[in-house]
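Peer 1: After the sequence you'll find the predicted model.
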Amino acid sequence: MSALRDLGLIRLNPENSRHHEHVEGMDFAQVALAALAKADPGNAHGSKSHTGRKPRFPRPLPKGRD
């Protein structure tokens, strides 16, 4: 529900916040096309960019425990 609300397809009912209502004049095709147009083509999966930290590798075994 939160994804549909973030896309603008549904909204909270002002009288009862537990109920959602459809945004009139919006259909899923319009919302999907708007989301695709807004999306960054280089970041297709929506993952966060790397922060520049080195990846963590497991520590090497102490000598004699190969």
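Peer 2: Yep, that arrived.

Peer 1: Every contact and neighbour count from this point should use C-alpha atoms.
Peer 2: Noted.

Peer 1: where do the strands sit along this structure?
Peer 2: 10-12, 20-22 (DSSP state E).

Peer 1: Quick one: distance of the lowest-mean-pLDDT helix or strand in the chain to the chain centre.
Peer 2: Here the helix or strand of the chain ranked lowest by mean pLDDT, DSSP states H and E is helix 2-7, holding a mean of 82. Using CA atoms, centre = their mean, to the nearest Å, the distance from the centre of helix 2-7 to the centre of the chain it belongs to is 10 Å.

Peer 1: Tally up the residues packed near Gly64, please.
Peer 2: By other CA atoms under 10 Å, the residues close to Gly64 number 5.

Peer 1: ditto for Ile10
Peer 2: 19.

Peer 1: need the contact list for the closest residue to it other than its chain neighbours.
Peer 2: Among residues not flanking Ile10 along the chain, His22 sits closest, at 4.5 Å (CA to CA, 6 or more residues apart in numbering). Shown in contact with His22 (CA atoms under 8 Å, 6 or more residues apart in numbering): 9-11.

Peer 1: which among the residues you listed gets closest to Ser17?
Peer 2: Arg11 (9.4 Å; CA to CA).

Peer 1: which residues touch that closest one?
Peer 2: By CA under 8 Å, 6+ apart, the residues touching Arg11 are 5, 20-23.

Peer 1: ok so, going back, can you name every helix or strand that the least confident helix or strand of the chain contacts?
Peer 2: Applying 3 or more CA pairs under 8 Å, 6 or more residues apart in numbering; DSSP states H and E, we find helix 2-7 packed against helix 28-38.

Peer 1: Could you give the separation of the helix it packs on from the chain centroid?
Peer 2: Worked out by CA atoms, centre = their mean, helix 28-38 lies 14 Å from the chain centre.
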